[in-house]
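K.L.:
build me a model from this:
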Amino acid sequence: MQKGSWIWMDGEFVPWDEAKVHVLTHTLHYGLGVFEGIRCYKQADGRSAVFRLDAHNRRLFDSARILGLEVPFAEDELARVCVETVRRNGFEECYLRPLVFLGDGEMGLAARNRVRVSVAVWPWGAYLGEEGASLGITVKTSSFHRFHSNTLMSKAKTVGNYVNSILASYEARNAGCEEALMLDTEGFVAEGSGENVFIIRSGVVKTPGAHSILPGITRDTVMTLLAEMGHAVREERVTRDEIYIADEAFFTGTAAEIAPIREIDHRRVGSGGPGPLTREVQARYQAVVRGRDERHRDWLTPV
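P.N.:
From the prediction side, this is the model:
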């Protein structure tokens, strides 16, 4: 991981190596906190811009509200902080990680310690690897299910929720695969360990509905782009065997971007590589995030 120079914490910039918390930080023990993953891209004109900052920032504050956390900064103020953190670190392209967490003080589940906020940025390539983005990835259906929406609320990007994702990721990697596919508590396809999923068969594009997933901002972006390309996306329940017989399948996420699925549970998906519509979506997505698509310049916040 390449370090930056500065991290913003609780209203001020501190040197990267001095951005520390106490070992009794409440969120470290109990997982009550929320975060976002955002990307900044170098644009076609040579400048840099943060992609869909407003949508990510809105989700961060929505997540905090769901968990009952009062963010001690205004939404527009934190958006400005994200841009300034990129600027101060001098990265042309980077990943942004705003984090809202409970600091140290009291211990115990019902403790109401001070809400703290940080923003860090660092360079980060394709989450599932450049080769995976180009050739496709192998996937294993996990034995760990995505939680029910009334167990751990799925619309909040909660720190502790990702234990579920970590277990699924470890299981997939231990089986020699690059990512996990997770089912919901009723056995239908939910999402990857940190991505949403799309499938294509006979020209029909489907993605699981939002009942047990975190509705991703990249997911929303891709659905918008597909509609512009003449492909309405059907949001409905998907069974795992539908992916086995799909012509194409891919994951979407801020970190993963558009990751084609070439194999799942030792079954080849389609031709065993990225299909034509997946390739087209990848190209459209890269054009949008890099400012080569005039229709979506409003999704870009200049640095």
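K.L.:
ok, E248 to R279 distance?
P.N.:
Going from E248 to R279 by C-beta to C-beta, to the nearest Å gives 9 Å. For the C-beta atoms, the positions are set from N, CA and C on the backbone; glycine is no exception.
K.L.:
repeat that for L226.
P.N.:
With distances taken as C-beta to C-beta, L226 is found 13 Å from R279.
K.L.:
helix, strand or coil for H29?
P.N.:
Look at H29: counting by DSSP: H, G, I helix; E, B strand; the rest coil, its state is helix.
K.L.:
from what I see, it and M107 are in contact.
P.N.:
Yes - H29 lies in contact with M107 (C-beta atoms under 8 Å); the separation is 7.0 Å.
K.L.:
higher neighbour count, these two?
P.N.:
H29 (15 against 11; other C-beta atoms under 10 Å).
K.L.:
check the more buried one and give its pLDDT.
P.N.:
If you check H29, the pLDDT there is 98.
K.L.:
show me where the stretch 1-150 of the chain has its helices.
P.N.:
Under the criterion DSSP state H, counting those that start in this stretch, the stretch 1-150 of the chain contains helices at 26-30, 53-67, 75-89, 130-135.
K.L.:
neighbouring contacts of the shortest one?
P.N.:
Okay, so that is helix 26-30. Residues outside helix 26-30 that contact it (C-beta atoms under 8 Å, 6 or more residues apart in numbering) are 21, 32-33, 101-107, 109, 111, 113, 159-160.
K.L.:
and it, what's buried?
P.N.:
By 16 or more other C-beta atoms under 10 Å, the buried positions in helix 26-30 come out as 26-28.
K.L.:
so E248 and R279 - more neighbours on which side?
P.N.:
E248 (24 against 16).
K.L.:
got the contact list for the more buried one?
P.N.:
E248 touches 199-200, 260, 269-270, 274-278, counting by C-beta under 8 Å, 6+ apart.
K.L.:
again, only using 6 Å
P.N.:
200, 270, 275, 277-278 (C-beta atoms under 6 Å, 6 or more residues apart in numbering).
K.L.:
now the phi/psi pair for it, please.
P.N.:
Per-residue torsions, E248: phi -150, psi 160 (degrees, to the nearest 10).
K.L.:
let's number from 46 now, not from 1
P.N.:
Okay, residue one is now 46; in that scheme the one you just asked about reads as E293.
K.L.:
burial count for the residue lying closest to it once chain neighbours are set aside?
P.N.:
Spatially, and ignoring its direct neighbours in sequence, E293 is nearest to G320 (3.3 Å; C-beta to C-beta, 6 or more residues apart in numbering). Other residues lying near G320 total 22 when counted by other C-beta under 10 Å.
K.L.:
next: G170.
P.N.:
For G170, the neighbour count with other C-beta under 10 Å is 12.
K.L.:
now do the same for it: its pLDDT.
P.N.:
87.
K.L.:
relative to R157, how far out is it?
P.N.:
39 Å.
K.L.:
now swap in T263 and tell me
P.N.:
34 Å.
K.L.:
which one's more surrounded, those two?
P.N.:
With neighbours defined as other C-beta under 10 Å, T263 and R157 compare such that T263 has more, 23 against 12.
K.L.:
can you name the residues that contact G254?
P.N.:
E280.
K.L.:
now, which of the contacts of helix 71-75 lie within strands?
P.N.:
Using DSSP state E, the members of those that fall within strands are 78, 146-147.
K.L.:
and which of these is nearest to V333?
P.N.:
G78 (30.2 Å; C-beta to C-beta).
K.L.:
surely the closest one and V204 touch.
P.N.:
Yes - if you go by C-beta atoms under 6 Å, G78 and V204 touch, sitting 4.0 Å apart.
K.L.:
the two - which one has more neighbours?
P.N.:
G78 (24 against 21).
K.L.:
report the beta-bridge partners for the more buried one.
P.N.:
Per DSSP bridges, the residues bridged to G78 are F146.
K.L.:
residues contacting it?
P.N.:
72, 145-146, 204.
K.L.:
make TSV out of the helices of the stretch 46-195 of the chain and add distance to R279.
P.N.:
Putting the helices of the stretch 46-195 of the chain into TSV (distance: least, C-beta to C-beta, whole Å) gives the following:
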stretch	distance to R279
helix 71-75	38
helix 98-112	23
helix 120-134	33
helix 175-180	25
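K.L.:
quick one: the strands in the stretch 146-295 of the chain?
P.N.:
160-167, 182-186, 224-228, 234-237, 241-246, 249-252, 278-280, 293-298 (DSSP state E, counting those that start in this stretch).
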